[in-house]
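> no sequence for this one, just the structure:
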């Protein structure tokens, strides 16, 4: 079978370690020492560089490294009208250094007054073109579930939303509008980053979610319906992927548990084209949930890890790919390879060097060519 447009046998989730100059510039901007335009100029410079590094490493699905973001989700969602940042999240999971993400609160009816990612997409596309490469310009945005899962009823304004059905309708609509803006700008591949369906596989997090939102099985189906509505108006030549992982902050994870509790909803109900799934260690369970994957869909299997500096054993990765393939109707034809998550889901990044990061990417490409052949687009 052929791959969906924009998906490659050696693929990636999206983020790369932030250069020191970008981190310093962002801090200066936060302190009022740099204007937003000056910060963007510095980001532009290093995004141009990371595009070349991805291409040199052999990737053909290219991102901006998420160099314009501090958090993989917050820097997008804060631009929705009616969504504000207030304080920080409270959680029983304490991250390295005690860092907690900002708390998103819905204070008014959700709106989409202007495009959020279009300018970033256009710049990234221009840099791929400048490099003379034929590659996918990959856009990564947080899943719409990220506005709801960690919140509770008291963080969604009751005057704006006395009941939650209109809230979910508005949330889907603003994603429809953003995807329409991106398509009109030329984007043909968008990835939704969703930790929440994976968190519902962790018994403790599942129980906590049920305290906030009720039955977890109902919640999973509700999220599938939300995502499906959000992408329902995309044109047929726009590919949608979804990425699931169990947390990725400074090489730390936050959840564990195999995909079985959500597998049927994930693979049979969600109308996406490709799944980028965390599978780099035992926390993600075995490959048996993949038996639910329809034969017209693809899994980008994250059996390599961005959390550790050490290079994987090539033979072991190939062995795991072949093991996963036994659960799929069309075997290896339905699989691609990636790391389980990005290298820097937050600006702090994981515990490895840039050189170690690129060595891991090059190894991934090498393995993919050994498994599927030189042309990684088929």
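Yep, it's here. Predicted model, so just to flag it, every value in this text is computed and none were measured.
> can you show me the strands along the stretch 51-200 of the chain?
For the stretch 51-200 of the chain, applying DSSP state E, counting those that start in this stretch gives strands covering 61-62, 81-88, 102-111, 136-137, 139-142, 189-194.
> for the fifth one, packing partners?
To tie it back to what came earlier, the one meant is strand 139-142. helix 74-77, strand 189-194 (3 or more C-beta pairs under 8 Å, 6 or more residues apart in numbering; DSSP states H and E). Backbone N, C-alpha and C define where each C-beta goes, glycine included.
> go again using 10 Å as the cut-off
helix 74-77, helix 118-130, helix 165-185, strand 189-194, strand 239-244 (3 or more C-beta pairs under 10 Å, 6 or more residues apart in numbering; DSSP states H and E).
> give the buried residues for the second one.
The neighbour-count criterion (16 or more other C-beta atoms under 10 Å) identifies 118, 120, 121, 123, 124, 125, 127, 128 as the buried residues of helix 118-130.
> quick one on the thing from earlier: how about the helices and strands packed on strand 139-142 in JSON lines, adding mean pLDDT and distance to residue 343?
Shown next, in JSON lines, are the helices and strands packed on strand 139-142 (pLDDT from 0 to 100; distance: least, C-beta to C-beta, whole Å):
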{"stretch": "helix 74-77", "mean pLDDT": "88", "distance to residue 343": "17"}
{"stretch": "helix 118-130", "mean pLDDT": "98", "distance to residue 343": "17"}
{"stretch": "helix 165-185", "mean pLDDT": "98", "distance to residue 343": "24"}
{"stretch": "strand 189-194", "mean pLDDT": "96", "distance to residue 343": "14"}
{"stretch": "strand 239-244", "mean pLDDT": "97", "distance to residue 343": "14"}
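> between these, which one is closest to residue 11.
strand 239-244 (8.8 Å; C-beta to C-beta).
> what residues sit buried inside stretch 326-344?
Buried-residue list, stretch 326-344, by 16+ other C-beta under 10 Å: 327-328, 334-344.
> from start to finish, how long is it in a straight line?
End-to-end distance for stretch 326-344: 32 Å, by C-alpha to C-alpha, to the nearest Å.
> swap in stretch 140-152?
For stretch 140-152, the end-to-end distance is 26 Å (C-alpha to C-alpha).
> would you mind listing the buried residues in that stretch?
Residues of stretch 140-152 classed as buried: 140, 141, 142, 143, 144, 145, 146, 147, 148, 149, 150, 151 (neighbour count, 16+ other C-beta under 10 Å).
> mind putting these into a markdown table with pLDDT and distance to residue 308?
Listed next are the buried residues of stretch 140-152 as a markdown table, based on pLDDT from 0 to 100; distance: C-beta to C-beta, whole Å:
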| residue | pLDDT | distance to residue 308 |
| --- | --- | --- |
| 140 | 95 | 22 |
| 141 | 96 | 27 |
| 142 | 94 | 25 |
| 143 | 93 | 26 |
| 144 | 95 | 31 |
| 145 | 94 | 28 |
| 146 | 89 | 26 |
| 147 | 90 | 32 |
| 148 | 90 | 32 |
| 149 | 83 | 27 |
| 150 | 80 | 27 |
| 151 | 82 | 32 |
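> looking at those residues, which is nearest residue 372?
Closest to residue 372, out of all of the buried residues of stretch 140-152 and judged by C-beta to C-beta, is residue 140, at 23.5 Å.
> separation between that closest one and residue 47?
According to C-beta to C-beta, to the nearest Å, residue 140 and residue 47 sit 13 Å apart.
> now the common contact residues for these two.
Common contacts of residue 140 and residue 47 (C-beta atoms under 10 Å, 6 or more residues apart in numbering): 63, 64, 66.
> need the pLDDT of the second one.
Spelled out, that is residue 64. pLDDT, residue 64: 96.
> burial of it, as a residue count?
Residue 64: 28 surrounding residues under other C-beta atoms under 10 Å.
> that one reaches residue 139, doesn't it?
Yes: using C-beta atoms under 10 Å, residue 64 makes contact with residue 139 at a distance of 9.1 Å.
> which residues do these two both contact?
14, 117, 120, 121, 124.
> quick one, phi/psi of the nearest residue to the last one once chain neighbours are set aside?
Read that as residue 124. Among residues not flanking residue 124 along the chain, residue 64 sits closest, at 4.7 Å (C-beta to C-beta, 6 or more residues apart in numbering). Residue 64 adopts backbone torsions of phi -90, psi 10, taken as degrees, to the nearest 10.
> how near is residue 64 to residue 289?
32 Å.
> same check on residue 40?
For residue 40, the distance to residue 289 equals 42 Å [C-beta to C-beta].
> show me which of these two is the more surrounded one.
Neighbour totals were compared for residue 40 and residue 289, and residue 289 leads with 21 against 18 (other C-beta under 10 Å).
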